[in-house]
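Visitor: Sharing a model prediction with you, sequence too.
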Protein chains: 2
Amino acid sequence: MKLDAVDVRQAASAADIVYEALRKAIIEGDLAEGENLRQDHIAQMFNTSRIPVREALSRLEQHGLITTERYKGAVVAGLSIEEIEEIFEFRALIEAEVIRLAVPNLDRRTLELARQHCEEFEREENAERWGEINRNFHYSLYEAARRPYYLQIVRASLDRIDRYLRAQLTLTSGVARARREHKAILDACMARDAERACALTRDHILDAGRSLTIFLREQRG
Amino acid sequence: MKLDAVDVRQAASAADIVYEALRKAIIEGDLAEGENLRQDHIAQMFNTSRIPVREALSRLEQHGLITTERYKGAVVAGLSIEEIEEIFEFRALIEAEVIRLAVPNLDRRTLELARQHCEEFEREENAERWGEINRNFHYSLYEAARRPYYLQIVRASLDRIDRYLRAQLTLTSGVARARREHKAILDACMARDAERACALTRDHILDAGRSLTIFLREQRG
DNA sequence: CATAGAAATATTGGATCCAATATACAATCT
DNA sequence: AGATTGTATATTGGATCCAATATTTCTATG
């Protein structure tokens, strides 16, 4: 197990810190699917007791990132291919709508920010960073929709499959395609063409989903 | 020797029980918006310690049903009219899609079940029960979409506004309209017309949202 | 009498201890 | 040897205690 052990005596509650650290470790794939999460082990790493750890684990379970069983403990949740497909389909629906709602509100500063993320995603060679930049690019546009509830759901659903998405980018040479698609989405946004941006976002997500599930089907046999 | 094999599956944990009870109380409006939730008090009510109560509260906070502040405690979360509007808009998007996906899978038994819920909703005079039956009607159809992730999100978003929706049904005479709309949706489903069922569901939710926000704007001034 | 400051109370977050039980492994029996 | 039973260990869920801080009440003073 590998995660950034933080000293707990800081602003937020210990439970919040543990929750955030575990969440990050899971969605970035540092904690492998199926890996055991022992309460006292984690507690020791964060220099705290098991109480806040349990609270953090309970929250992670609510979000579907782990599963727990009494007397047995928690393991990082794995998703079946069907579940992954469902989440991609869902994301396509929501995020397409979010971008449609965002386009009319895009101002120059937001577009400039998105352009920078887009360029960074194009230039970056370190595969480790693609996931992060990809998120930044999309979210910078999504923010303009001014729909906090939608974004909360988008975030939660992306969390569930982010680790697979990162694999898709690196292992299936999905980056090249993602780069082209990002540029196309950005173009549509700059042209204030909400319908085009919507359709492109939808396809972008469905493409990634298809590419990923093909890869996983091979890998898992 | 011959014994009946009993399901010895353990009772849920105390935290689960507290969570479910509080969730139910909040979404049904038994706990009013802004009401204080004291850990001690709840613990005594459930004859347990504060530990499982805290875990339950932490989960409720994740779902947005309460807000907590250190040294101050938890209060039942209230929603602004804008937040309520957003959630209705969101539900319209998701649930319309879910019903579209469900229609091709509807079998005779499911339709019969939905028809029974629809009739029950029509006959029932006790306003207290409308919320429950309304949920049952919609979910009985949604299940056929075979999209567990979508349904989880639908459930969570309905939880957030259920208490207001119940008020809308009773206080604005929304039932009459809801009854008509339910029948229309059921008809479309029986006719296997996915697009019509989708559009009707969308309008059904948006109608309720509009009616509710008009009512709330008057009420809140 | 009104008000500022101090003490008492309420309330949360976390630490430590205890009870329940699943799992692994040794001991026993056929 | 293989199956079965008993025991030690690991691990979780919950109870109780403690520390920190917000809120309220009380007192003394102008």
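Guide: Received, thanks.

Visitor: Next, the residue of chain A positioned farthest from its centre: phi, psi?
Guide: The centre of chain A is farthest from one residue, A:Tyr71, which by Cα atoms, centre = their mean lies 30.3 Å away. Per-residue torsions, A:Tyr71: phi 70, psi 0 (degrees, to the nearest 10).

Visitor: where's it relative to A:Ile42, distance?
Guide: When distance is defined by Cβ to Cβ, to the nearest Å, A:Tyr71 is 17 Å away from A:Ile42. Placement of C-beta: from N, CA and C, glycine included.

Visitor: by contact count, what packs against the host helix or strand of A:Cys189?
Guide: Taking DSSP states H and E as the criterion, the element that holds A:Cys189 is helix A:174-190. Using 3 or more Cβ pairs under 8 Å, 6 or more residues apart in numbering or on different chains; DSSP states H and E, the elements in contact with helix A:174-190 are helix A:81-102, helix A:108-123, helix A:127-142, helix A:148-171, helix A:194-220.

Visitor: if we can go back for a sec, so what pLDDT did the residue farthest from the centre of chain A get?
Guide: Looking at A:Tyr71, its pLDDT reads 88.

Visitor: Just list the residues touching the residue nearest to A:His204 when sequence neighbours are not counted, thanks.
Guide: In space, not counting the residues next to it along the chain, A:His204 is nearest to A:Glu181; the distance is 4.4 Å by Cβ to Cβ, 6 or more residues apart in numbering or on different chains. By Cβ atoms under 8 Å, 6 or more residues apart in numbering or on different chains, the residues touching A:Glu181 are A:200, A:203-204, A:207.

Visitor: same deal with A:Ala43?
Guide: A:Ala43 makes contact with A:49-50, A:52-53, according to Cβ under 8 Å, 6+ apart.

Visitor: which among those residues gets closest to DNA strand C?
Guide: Within these, the smallest distance to DNA strand C is 3.0 Å, found for A:Ser49 (Cβ to the nearest atom of the strand).

Visitor: Contact residues of chain A facing DNA strand C?
Guide: When proximity is defined as Cβ under 7 Å from any atom of the strand, chain A approaches DNA strand C at A:8, A:13-15, A:48-52, A:55, A:70-72.

Visitor: Among those, name the buried ones.
Guide: Among those, those buried by neighbour count (16 or more other Cβ atoms under 10 Å in any protein chain shown) are A:8, A:13-15, A:48, A:52, A:55.

Visitor: ok, back up a step: among the residues of chain A next to DNA strand C, name the least confidently predicted one.
Guide: Lowest pLDDT within those is found at A:Val8 (37).

Visitor: What separation is there between the residue nearest to A:His204 and A:Trp130?
Guide: According to Cβ to Cβ, A:Glu181 stands 13 Å off from A:Trp130.

Visitor: and A:Ala167, how many neighbours does it have?
Guide: 18 (other Cβ atoms under 10 Å in any protein chain shown).

Visitor: Would you mind listing the residues in contact with it?
Guide: The neighbourhood of A:Ala167, defined by Cβ under 8 Å, 6+ apart, consists of A:29, A:212, A:215.

Visitor: out of everything not next to it in sequence, what's closest to the first one?
Guide: Nearest residue to A:Gly29 in three dimensions, chain neighbours excluded: A:Arg163, at 4.0 Å (Cβ to Cβ, 6+ apart).

Visitor: What separation is there between A:Trp130 and B:Gln152?
Guide: Counting by Cβ to Cβ - A:Trp130 and B:Gln152 are separated by 28 Å.

Visitor: Please identify which of the two sits among more neighbours.
Guide: Each of A:Trp130 and B:Gln152 has its neighbours counted (other Cβ under 10 Å); A:Trp130 has more, 21 against 12.

Visitor: pretty sure the more buried one contacts A:Glu122?
Guide: No - counting by Cβ atoms under 8 Å, A:Trp130 does not reach A:Glu122; the two are 10.6 Å apart.

Visitor: Between the contacts of A:Ala167, which sits nearest DNA strand C?
Guide: Distance to DNA strand C across the contacts of A:Ala167 (Cβ to the nearest atom of the strand) is lowest for A:Gly29, with 26.1 Å.

Visitor: got a pLDDT number for that closest one?
Guide: Here, the pLDDT recorded for A:Gly29 equals 91.

Visitor: Could you look up the SS state of it?
Guide: Using DSSP: H, G, I helix; E, B strand; the rest coil, the structure places A:Gly29 in coil.

Visitor: Might one say that A:Val18 is in contact with A:Ala56?
Guide: Yes - look at A:Val18 against A:Ala56 with Cβ under 8 Å: they come within range, at 3.9 Å.
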